[in-house]
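1. Sequence first, then the predicted structure, then my questions.
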Amino acid sequence: MTQPPTEDRPGEFDIIREIFAPLSESQPGAFNLTDDAAILKAPPGTELVMTKDAMVSGVHFLASDDPGHIARKLLRVNLSDLAAMGATPMGYLLAAFWEQGTSIDWIRGFAEGLKQDQQAFSIGLLGGDTVTTSGPQSFSLTAIGNIPDQKVLRRKGARPGDLLVVSGNIGDGALGLKALRGELEFLDPEDLSFLADRYHLPQPRLTLGRALHDIASSCLDISDGLMADTGHICETSSLAAVLEVENVPLSMAAKNVLAHDKAYLTSILTGGDDYELAFTLPARFESRLPDLSTQAQTKLTPIGRMEEGTGVRAINNGVEMAVSTPGWRHF
């Protein structure tokens, strides 16, 4: 269902032609969004990697969020999935479910956000669909990448004794949502702004993913929470993990939150929205972490180890933490 064009409001195909077709200029196989589908060729010696994520107003973003931020986060969370597989981005498909009454300026702001990150991550629009809905505002994006044959990183593959390593800092995404909801008013404006930015604009670790092809035994991105996603590695690898909480890397803003109330530690470990990579590494490769960190331009921190057994144990300075819900669940 689409809204008919009016003198003041363009129709569906006007929006596609005027606002979204320019986003496909780097994709010859998209045919300027004038056909029913696009053509994409994988480079010789590579395999295609595909992922899809959806975002719904009130669940994945706030209705008051800037449309450009929403678009950029939508693209980035999909690129983070490609990073977790060690892939290089090629293009993406977009389905937009505009809430009835959404202004053309809002749609233009959304497209501008996509344009900004297309340039940053060398990716372009291949096609998709745009419709209206009674709400809520929703989006679905399918990202396509490529990876050298037989080099894909998976959640399965960790071995007993492997190190558990994470990129960047943990917990800023979950705390950023709390900041936007007005739950961290004890922080100074600089910390609040930093955390909100980390929630709105996660950083897909694409360079790191590609650098891990020949040394990581398993890998995923942290979207549902550190403990929950570590649990996915454990489940698919038929192992257990010991997570050393005192080694989990934190931003200064997160440290300031904990200084106010240590109860926020659970949110940091389980809240999600970090989109950092967590990977397992044979211990013999630990000496390569500094060079990997320089190459990927992000710090890499060992935070635990894999062992025989099942599940994730969070040990904080020698004391096991009781965590009732390890991460975000939709059902």
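-> That came through, no problem.
2. OK, contacts around residue 250?
-> By C-beta atoms under 8 Å, 6 or more residues apart in numbering, residue 250 lies in contact with 169, 170, 171, 258, 268. (Each C-beta comes from the backbone N, C-alpha and C, glycine too.)
3. rerun that using 6 Å as the cut-off
-> residue 169 (C-beta atoms under 6 Å, 6 or more residues apart in numbering).
4. now swap in residue 140 and tell me
-> Contacts of residue 140 (C-beta under 6 Å, 6+ apart): 54, 95.
5. Next, work out how far apart it and residue 308 are.
-> 40 Å (C-beta to C-beta, to the nearest Å).
6. With residue 284 instead?
-> Taken as C-beta to C-beta, the span from residue 284 to residue 308 is 19 Å.
7. Could you do residue 237 as well?
-> 11 Å.
8. what's the burial count for residue 253?
-> Each residue near residue 253 was counted by other C-beta atoms under 10 Å, and the total is 23.
9. quick one: contacts for it?
-> By C-beta under 6 Å, 6+ apart, the neighbours of residue 253 are 191, 194, 195.
10. For the residues you listed, which entry has the maximal number of neighbours?
-> residue 195 (27 neighbours).
11. can you tell me which residues contact that residue?
-> Counting by C-beta under 6 Å, 6+ apart, residue 195 has contacts 172, 175, 176, 179, 253.
12. which of the residues you listed tops the neighbour count?
-> residue 175 (31 neighbours).
13. Report the distance from the strand or helix carrying that one to the chain centre.
-> For residue 175, the host element (DSSP states H and E) is helix 172-180. With C-alpha atoms, centre = their mean, to the nearest Å as the basis, helix 172-180 stands 15 Å off its chain's centre.
14. heads up, I number from 57, so please use that
-> Fine by me, first position is 57 from now on; the one you just mentioned is helix 228-236.
15. Can you spell out which helices and strands pack onto that helix?
-> helix 245-256 (3 or more C-beta pairs under 6 Å, 6 or more residues apart in numbering; DSSP states H and E).
16. Tell me which residues of the helix it packs on come out buried.
-> 247, 248, 250, 251, 252, 254, 255, 256 (16 or more other C-beta atoms under 10 Å).
17. Let me have those residues in CSV, extended by distance to residue 372 and pLDDT.
-> Listed next are the buried residues of helix 245-256 as CSV, based on distance: C-beta to C-beta, whole Å; pLDDT from 0 to 100:
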residue, distance to residue 372, pLDDT
247, 23, 98
248, 26, 98
250, 24, 98
251, 22, 98
252, 27, 96
254, 23, 96
255, 25, 95
256, 29, 95
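18. between those, which is nearest residue 328?
-> residue 255 (10.4 Å; C-beta to C-beta).
19. measure the closest one to residue 139 for me?
-> Taking C-beta to C-beta, one finds residue 255 at 18 Å from residue 139.
20. Distance to residue 85 added to the buried residues of helix 245-256, as CSV?
-> What follows is these, written out as CSV (distance: C-beta to C-beta, whole Å):
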residue, distance to residue 85
247, 45
248, 43
250, 40
251, 40
252, 37
254, 35
255, 34
256, 31
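21. which one is the most centrally placed residue in the chain nearest to, not counting chain neighbours?
-> Residue closest to the average C-alpha location in the chain (C-alpha atoms, centre = their mean): residue 133, at 2.9 Å. The shortest distance from residue 133 to any non-neighbouring residue, by C-beta to C-beta, 6 or more residues apart in numbering, is to residue 109 (5.1 Å).
22. Not counting whichever helix or strand the one you found is part of itself, show me its contacts.
-> Element membership for residue 109, per DSSP H and E: strand 102-112. Residues outside strand 102-112 that contact it (C-beta under 6 Å, 6+ apart) are 98, 117, 130, 133-134, 137, 141, 143, 192, 194-196, 198-205.
23. Have a look at residue 293 and residue 364 and say which one is more surrounded.
-> Set side by side, residue 293 and residue 364 show more neighbours around residue 293, with 21 against 9, by other C-beta under 10 Å.
24. Could I get the contacting residues of the residue nearest to the more buried one when sequence neighbours are not counted?
-> Residue nearest to residue 293 in three dimensions, not counting chain neighbours: residue 214, with 4.0 Å by C-beta to C-beta, 6+ apart. With contact taken as C-beta under 6 Å, 6+ apart, residue 214 is in contact with 273, 274, 289, 293, 295, 336, 362.
25. Before I go, just wanted to say thanks for your time.
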